[in-house]
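Asker: just to be clear, the model below is a prediction. Sequence and coordinates:
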Amino acid sequence: MHALLGEALAELDVAVADGAPAATALHAPLAALIAVRERLQILNDTVFQLSMTQASVQRSKLVRLRDTVSAMIVLLGALGVALALSLLRQRRSIAALQLRDRALQAAEEQQRELRERLERVADNVPGMIFQYRRGADGHPSLPYASHGVHEIFGVSAEAAAQDSSVLLDAIHVDDRERVIGAFDESARSLLPCLVEFRVVRDGIELWMASHATPQRQADGGTLWHGYTYDVTRRRLAEEEIKHLAFYDALTGLPNRRLLIDRLRHAMLMAARNHQGGALLFIDLDNFKTLNDTRGHACGDLLLQQVARRLLDAVRAGDTVARLGGDEFVVMLENIGSARETAAQHAEQVGEKVLAALTQPYLLNGKDYHGTPSIGVALFDDCEGGLEELLKRADLAMYQAKGAGRNTLRFFDPAMQSLLAAQSALEAEMRQGLRAGDFVLHYQPQLDNGGRLAGVEALVRWQHPQRGLIAPGEFIGLAESSGLIQPLGQWVLEAACEQIARWQRDPELRRLSVAVNVSARQFRHPDFVSRVIGAIERTAIPADRLKLELTESLLLDNVEEIIARMNVLKARGVCFALDDFGTGYSSLAYLKRLPLDQLKIDRSFVRDVLTDPNDAAIARTIIALGQTLGLHVLAEGVETRDQHEFLVAHGCDAFQGYLFGHPQHPDVLNTVAPAH
Ligand SMILES: Nc1nc2c(ncn2[C@@H]2O[C@@H]3COP(=O)(O)O[C@H]4[C@@H](O)[C@H](n5cnc6c(=O)[nH]c(N)nc65)O[C@@H]4COP(=O)(O)O[C@H]3[C@H]2O)c(=O)[nH]1
């Protein structure tokens, strides 16, 4: 059948009947039926009958059905389309949502990766990356710090975030202010903060540099984004470079360049503060010979040892420099406002340097004896500035060489001769002490009843050529040269021996003997034991000995002075404060000193009748003595009127030419009681 009907069969229900037509209605489009019949006729009309009537009825039914179906199909189609559209839309929005989800996930993933990457980078960058914040109220915090914070500051990022002050604790104490100041300034100006500072980790100092860019925040606070990194190596390299540029490689001393720099500054300061300074130019004698005979290595060793000795010979603040070759310079600052004092100080240091450099050296296992020649120029010698000063010191050094080496010369000839005279005097004084050329004279001290109550021992030098020399000429030099120790000891012993002699005389046994003690002498660690030793050796009553101290003693280390005085006081020794009113006595100290007597200086007594100020001072000292329970002695009383004035105002005791000059003790025996 299929072969017969071909493709018409696809649109057609076909009933094939053998004889009677089939009852079953056929359903097929008319055109199809006709086409089928035409094909079937070709075979045999009688064999197959096709009911055309039925077909047309069927046809109209079919048409209606078809219309209905078509309508329904259209409706269904429309519904389907709508449904499909809606489905499509839904699908699309689901797809869009899914797309967005995926995009979001991807973005998040990307962000996480980025963050991780940044953190990895930040944590692997040498040093530390940070955000530092200061609130409007100044409160500091560290919102972010990379792991480097631990390496640098020794604290974890979490700890630092909680309390950023822990970072400050790790910064070197001398640098903290500077770091805070740099951030303060940056917060004010909104310019980047660049600061270098030290941190101390396990006892080692490391240099760090911080760079941070500030950003003002809405609340008025400031947020910095920055980084900190280790610059220790760079700093060390800089130090090294500086050292090479300013220091001598062989000795480690400042070189010429640094000396010039310091000298310029020192001269400026000296002029501004009216303080003296000096330059000592030191040249090693015969250095070339040493180099030539024992080799340069030996020469180098000598230079190194000389450098060490020079440093040991001067104060920490003084500069020792090597100019090159065998030339060294010592620069002294603040050595006194008076020219003489400065010269004396410079000379003392020069002598010390001479002594230090003439000690034998050991060079490569062999002894070497070297000497220096030293030239000295004082800052105030020099109007011509720095170069002139160096030239003068150099010239003076050549004079020292010319004078036979191993010596010291000042540039200024007048100063030179003054110092020469002083050192000659010093040498003679030493000789005089050995030869027993010093004597004590005694000046009477009377009480307010006119009785001889005591004496003051005053030293004189019985010079073999120059005759009797007054203490004004040599006490100062004895103090500055240190000779005051043996001289003062001699005076003390001699006074105690005199007291012991007077103990055997009923008329004089009650006399007290006042002995002047200079500040340098009193400060000697053995002073107290020396005094006690002298008292015990001569077996005198200790209260006959009165030590006269001056106010200058109280300028420094008063507690120590008071303690020493108390020890002696406990042994019965008396104390008088000499030259009272001329110095810096503090009333607070005065109360605490175990004193027995105040002495009104003779400069006030001299004009007590003519100068109302001096009269007021004298009256005040007397009143002060009365208040503190101390005797008051007026010294330098030369006239009866002065005496009467002082008596009238309650002064207890008197000393002066009116009652007697300082005398040999044997003369005193007769003079004083007769007065
Ligand atoms: N114009 C005038 N002067 C009078 C009068 N009465 C006494 N003088 C002098 O005034 C000085 C008093 O001694 P000073 O103030 O302790 O002043 C003493 C004392 O500071 C010091 N000195 C004397 N001997 C010693 C001593 O053994 N050791 C120490 N460290 N210094 C001593 O030398 C200073 C001077 O002593 P001297 O030349 O003996 O001078 C003595 C004495 O001669 C007077 O009426 N008018």
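Answerer: Great, that's in hand. Residues are numbered from 1 along each chain as shown.
Asker: C-alpha from now on. contacts and neighbour counts both.
Answerer: OK.
Asker: what about residue 537? Give its phi and psi, please.
Answerer: Dihedral angles of residue 537 (phi, psi; degrees, to the nearest 10) stand at phi -60, psi -40.
Asker: that one: neighbour count?
Answerer: Around residue 537 there are 13 other residues, counting by other C-alpha atoms under 10 Å.
Asker: then residue 272?
Answerer: Number of residues near residue 272 (other C-alpha under 10 Å) recorded here: 9.
Asker: what about it, distance to residue 606?
Answerer: According to C-alpha to C-alpha, to the nearest Å, residue 272 and residue 606 sit 37 Å apart.
Asker: got it, and residue 408?
Answerer: Distance of residue 408 to residue 606, computed by C-alpha to C-alpha: 44 Å.
Asker: ok, the two, which is more surrounded?
Answerer: The neighbour comparison of residue 408 against residue 606 (other C-alpha under 10 Å) goes to residue 408, with 27 against 18.
Asker: isn't residue 129 up against residue 145?
Answerer: Yes. Using C-alpha atoms under 8 Å, residue 129 is in contact with residue 145, at 5.8 Å.
Asker: what does stretch 122-139 contact?
Answerer: Residues from elsewhere that reach stretch 122-139, judged by C-alpha atoms under 8 Å, 6 or more residues apart in numbering: 140-149, 151-152, 219-230.
Asker: measure it end to end?
Answerer: Start to finish, the residues bounding stretch 122-139 are 26 Å apart (C-alpha to C-alpha).
Asker: list the buried residues of it.
Answerer: Residues of stretch 122-139 classed as buried: 122, 123, 127, 128, 129, 130, 131, 132, 133, 134 (neighbour count, 16 or more other C-alpha atoms under 10 Å).
Asker: those: which two are farthest apart?
Answerer: Using C-alpha to C-alpha, the buried residues of stretch 122-139 span at most 23.7 Å, a distance reached by 123 and 134.
Asker: hmm, back to that, in helices, which of the contacts of stretch 122-139 appear?
Answerer: Cross-referencing the contacts of stretch 122-139 against helices under DSSP state H gives 148, 149, 151, 152.
Asker: from these, list just the buried residues.
Answerer: Judged by 16+ other C-alpha under 10 Å, buried ones among these: 148, 149, 152.
Asker: how about CSV for the residues you listed, with distance to the ligand and pLDDT added?
Answerer: Shown next, in CSV, are these (distance: C-alpha to the nearest ligand atom, whole Å; pLDDT from 0 to 100):
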residue, distance to the ligand, pLDDT
148, 68, 90
149, 66, 91
152, 62, 91
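Asker: would you reformat those as JSON lines and include distance to residue 172?
Answerer: Formatted as JSON lines, those follow (distance: C-alpha to C-alpha, whole Å):
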{"residue": "148", "distance to residue 172": "18"}
{"residue": "149", "distance to residue 172": "16"}
{"residue": "152", "distance to residue 172": "12"}
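Asker: what does the chain put close to the ligand?
Answerer: 458-459, 470-472, 488, 491, 516-518, 636-638, 656-657, 662 (C-alpha under 6 Å from any ligand atom).
Asker: among those residues, which one sits closest to residue 392?
Answerer: Distances from residue 392 to those, taken as C-alpha to C-alpha, are shortest for residue 472 (33.5 Å).
Asker: pull the number of nearby residues for the residue of the stretch 251-400 of the chain found nearest the ligand.
Answerer: Across the stretch 251-400 of the chain, the shortest distance to the ligand (C-alpha to the nearest ligand atom) belongs to residue 341, at 19.1 Å. For residue 341, the neighbour count with other C-alpha under 10 Å is 14.
Asker: for it, which non-adjacent residue is closest in space?
Answerer: residue 335 (7.2 Å; C-alpha to C-alpha, 6 or more residues apart in numbering).
Asker: pLDDT score for the one you found?
Answerer: The model reports residue 335 with a pLDDT of 91.
Asker: name the element it belongs to?
Answerer: Secondary structure from DSSP states H and E places residue 335 outside every helix and strand.
Asker: contacting residues for residue 497?
Answerer: Residue 497 makes contact with residue 538, according to C-alpha under 8 Å, 6+ apart.
Asker: can you tell me the residue of the stretch 501-650 of the chain closest to the ligand?
Answerer: residue 636 (3.4 Å).
Asker: roughly how far does the residue of the stretch 1-150 of the chain found nearest the ligand sit from residue 250?
Answerer: Nearest residue of the stretch 1-150 of the chain to the ligand (C-alpha to the nearest ligand atom) works out as residue 138 at 63.2 Å. According to C-alpha to C-alpha, residue 138 stands 52 Å off from residue 250.
Asker: any low-confidence regions in this protein?
Answerer: 1-66, 68-78, 80-81, 381-384, 415-416, 555, 582-586, 669-675 (pLDDT under 70).
Asker: could you chop it up by domain?
Answerer: According to automatic domain parsing, the chain comprises the domains 2-50, 125-238, 247-411, 432-674.
Asker: in CSV, list these along with distance to residue 99.
Answerer: Shown next, in CSV, are those (distance: least, C-alpha to C-alpha, whole Å):
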stretch, distance to residue 99
domain 2-50, 47
domain 125-238, 35
domain 247-411, 74
domain 432-674, 89
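Asker: which element is the residue positioned nearest the centre of the chain on?
Answerer: For the chain, the residue nearest the mean C-alpha position is residue 174 (6.3 Å; C-alpha atoms, centre = their mean). Counting by DSSP H and E, no helix or strand carries residue 174.
Asker: distance of it relative to residue 151?
Answerer: As judged by C-alpha to C-alpha, residue 174 and residue 151 stand 21 Å apart.
Asker: again with residue 591
Answerer: 60 Å.
Asker: next one: residue 473
Answerer: 70 Å.
Asker: check residue 101 too.
Answerer: From residue 101 to residue 151 the distance is 42 Å (C-alpha to C-alpha).
Asker: what of residue 181?
Answerer: Residue 181 is 24 Å from residue 151, by C-alpha to C-alpha.
Asker: and for residue 478?
Answerer: With distances taken as C-alpha to C-alpha, residue 478 is found 63 Å from residue 151.
Asker: same check, this time on residue 402
Answerer: For residue 402, the distance to residue 151 (C-alpha to C-alpha) stands at 64 Å.
Asker: do the same with residue 119
Answerer: Counting by C-alpha to C-alpha, the gap between residue 119 and residue 151 amounts to 16 Å.
Asker: can you tell me the helix or strand for residue 515?
Answerer: Counting by DSSP H and E, the element that carries residue 515 is strand 512-516.
Asker: sheet-wise, list the partners of that strand with their directions.
Answerer: Sheet partners assigned to strand 512-516 using DSSP bridges are listed as strand 452-463 (parallel), strand 545-550 (parallel).
Asker: save these as JSON lines, and put in mean neighbour count and distance to residue 235 too.
Answerer: Conversion of the strands paired with strand 512-516 to JSON lines gives the following (neighbours: other C-alpha atoms under 10 Å; distance: least, C-alpha to C-alpha, whole Å):
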{"stretch": "strand 452-463", "mean neighbour count": "21", "distance to residue 235": "63"}
{"stretch": "strand 545-550", "mean neighbour count": "22", "distance to residue 235": "54"}
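Asker: looking at these, which is closest to residue 109?
Answerer: Taking C-alpha to C-alpha, strand 545-550 is the member of those nearest to residue 109, at 89.2 Å.
Asker: just the CA trace of the closest one, in PDB.
Answerer: Extracted C-alpha coordinates of strand 545-550, given in PDB (Å, rounded to 0.1, in the frame of the first residue of the first chain):
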ATOM      1  CA  LEU A 545      94.300  74.500 117.500                       C
ATOM      2  CA  LYS A 546      92.000  76.600 115.400                       C
ATOM      3  CA  LEU A 547      91.800  75.900 111.700                       C
ATOM      4  CA  GLU A 548      90.900  78.900 109.500                       C
ATOM      5  CA  LEU A 549      89.000  78.000 106.400                       C
ATOM      6  CA  THR A 550      88.000  80.300 103.600                       C
END
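Asker: ok, and what's touching it?
Answerer: By C-alpha under 8 Å, 6+ apart, strand 545-550 touches 496, 499, 512-519, 573-580.
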